[in-house]
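Trainee: Pasted the sequence and its predicted model underneath.
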Amino acid sequence: MALQRIEEFYPNYQEEIFAGDDIKGFDVYAGDSDEKVGSVYDALVDETGRFRYLVIDTGIWIFGKKVLLPIGSARFDYGARRVHATGLRSKEQAEQLPAYNELEPVDYDREEEVRGVYRNQDTAGAITAVPASYDRSNYSYDIDRPLYETNEQNHQNLKLYEERLVANKNRAKTGEVAVGKRVETETAKASVPIEKERVVIERVTPVEAGRVVSVGEADFQSGEVARMEVYEETADIHKEAFVREEVNVRKEVVRSTVDAEESLRREELDIKTDGTPVVDDKKAI
């Protein structure tokens with residue numbers, strides 16, 4: 001992954017890392033000499049926020065060329081606002097370095113060009129060992145540790161970082177449920193038995209048919225003889241609305257636990273001593 005400029009990774013890097021100061025503009029001197037080779041133009045960090053390079057603007061030293069200085073090859077003097085480039089000893093060496101262009105990414109190939117110039121140089125009192133076989137798939141900055149390690153003596157204001165596993169949860173809308181009604185039409189059939197009355201008139205010949213009645217027995221009259229009411233049933237089929245069911249809509253929260261496992265890295269100080277000095281290494285709470 002390409003490196004990033006410090007303000008891209010740490011927008012407030014002056015307060016976060018340098019306690020209100022800014023290393024940009026610090027004068028850069030070759031080794032421990034008083035030969036000024038340029039000034040700090042920028043700093044580059046990797047994807048974890050660790051310092052990897054200072055960008056040095058060489059100014060008139062080699063006609064304004066910007067080059068990369070591994071952070072392990074730099075010694076800071078904050079009081080004098082100076083950086084001593086312990087790994088940059090000569091113009092010839094600087095001229096061999098590829099020019100830094102902030103519009104081009106600093107990827108693995110560009111870093112290899114830079115490392116090739118600094119390897120086997122006297123860096124912070126130690127010779128950088130020739131690295132073992134590697135490629136872009138398995139390269140680690142630990143291979144060139146003298147070029148990239150920081151320490152309390154040379155990098156007082158550089159903070160040490162560690163990774164922590166932070167578990168948060170985000171609430172996101174995953175869907176929506178709309179409950180409504182629609183009318184469906186179907187054809188229903190109903191059967192109703194009905195009754196209808198009818199009048200049956202039966203005329204029969206009596207047994208006495210042909211018998212001669214006496215005078216006065218016969219009663220001849222005109223008009224209605226009998227009245228009978230006739231009824232019938234008719235079907236009354238109609239529609240009525242009834243409550244069929246009731247719908248209640250509510251939400252329930254289903255809880256579960258998501259487990260994750262990550263490898264965390266932490267920076268630790270490497271304190272090297274020469275002789276028998278007394279070192280009181282106290283960690284502020």
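Mentor: That came through fine.
Trainee: what's around Asn151, how many residues?
Mentor: Neighbour count of Asn151, defined by other C-beta atoms under 10 Å: 15. Placement of C-beta: from N, CA and C, glycine included.
Trainee: Per-residue pLDDT of it, please?
Mentor: Looking at Asn151, its pLDDT stands at 75.
Trainee: and the strand or helix carrying Val114, which residues are buried?
Mentor: Val114 is located in helix 108-118, with elements delineated by DSSP states H and E. Across helix 108-118, burial judged by 16 or more other C-beta atoms under 10 Å covers Arg110, Glu111, Val114, Arg115, Val117, Tyr118.
Trainee: So what does the nearest residue to the fourth one once chain neighbours are set aside have for phi and psi?
Mentor: Once flanking residues are discounted, Arg115 sits nearest to Asp144: 5.8 Å by C-beta to C-beta, 6 or more residues apart in numbering. Backbone torsions for Asp144, taken as degrees, to the nearest 10, come to phi -110, psi 50.
Trainee: what ranges do the helices span in the stretch 101-250 of the chain?
Mentor: Here the stretch 101-250 of the chain has its helices, by DSSP state H, counting those that start in this stretch, at 108-118, 145-148.
Trainee: Can you add mean pLDDT and distance to Pro277 and give those back as CSV?
Mentor: Supplementary listing: the helices of the stretch 101-250 of the chain in CSV, determined by pLDDT from 0 to 100; distance: least, C-beta to C-beta, whole Å:
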stretch, mean pLDDT, distance to Pro277
helix 108-118, 91, 29
helix 145-148, 89, 21
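Trainee: Show me the contact partners of the helix holding Val114.
Mentor: Outside helix 108-118, the residues that touch it by C-beta atoms under 8 Å, 6 or more residues apart in numbering are 3, 53, 67-68, 70, 73, 87, 93, 96-98, 104, 128, 136, 139, 144, 147.
Trainee: now the strands for this protein?
Mentor: 4-5, 27-30, 36-45, 51-57, 66-70, 74-77, 82-85, 122-123, 126-127 (DSSP state E).
Trainee: Including mean pLDDT and distance to Val279, could those strands go into CSV?
Mentor: Shown next, in CSV, are the strands of the chain (pLDDT from 0 to 100; distance: least, C-beta to C-beta, whole Å):
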stretch, mean pLDDT, distance to Val279
strand 4-5, 91, 34
strand 27-30, 90, 27
strand 36-45, 91, 28
strand 51-57, 93, 24
strand 66-70, 93, 26
strand 74-77, 88, 19
strand 82-85, 90, 22
strand 122-123, 48, 22
strand 126-127, 46, 19
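Trainee: Show me the one of those strands that comes nearest Glu262.
Mentor: Between Glu262 and those, the tightest spacing by C-beta to C-beta is seen for strand 36-45, at 20.2 Å.
Trainee: what separates the residue located most distally from the centre of the chain from Pro206, distance-wise?
Mentor: No residue in the chain sits farther from the centre than Val215, which is 124.8 Å out by C-alpha atoms, centre = their mean. Counting by C-beta to C-beta, to the nearest Å, the gap between Val215 and Pro206 amounts to 20 Å.
Trainee: what do you get for Glu195?
Mentor: Between Glu195 and Pro206 the distance is 33 Å, computed by C-beta to C-beta.
Trainee: got it, and Glu176?
Mentor: 91 Å.
Trainee: likewise Ala43?
Mentor: Distance from Ala43 to Pro206, by C-beta to C-beta: 139 Å.
Trainee: Just want to know which of those two has more residues nearby.
Mentor: Ala43 (25 against 7).
Trainee: distance of that one from Lys251?
Mentor: From Ala43 to Lys251 the distance is 51 Å (C-beta to C-beta).
Trainee: tell me, what residue is most central in this structure?
Mentor: Asn170 (8.5 Å).
Trainee: circling back: buried ones among the contacts of helix 108-118?
Mentor: 3, 53, 67-68, 70, 73, 87, 93, 97-98, 128, 144, 147.
Trainee: What is the most widely separated pair among the residues you listed?
Mentor: Leu3 and Gln93 (21.1 Å).
Trainee: and Thr58, how many residues sit next to it?
Mentor: Neighbour tally, Thr58, other C-beta under 10 Å: 23.
Trainee: thinking it is in contact with Gly38, fair?
Mentor: Yes. Between Thr58 and Gly38 a contact is recorded at 4.0 Å, counting by C-beta atoms under 8 Å.
Trainee: Okay, and the beta partners of the closest residue to Ile71 other than its chain neighbours?
Mentor: Nearest non-adjacent residue to Ile71, counting by C-beta to C-beta, 6+ apart: Phe51, 4.4 Å away. Beta-bridge pairing of Phe51 under DSSP bridges involves Val45.
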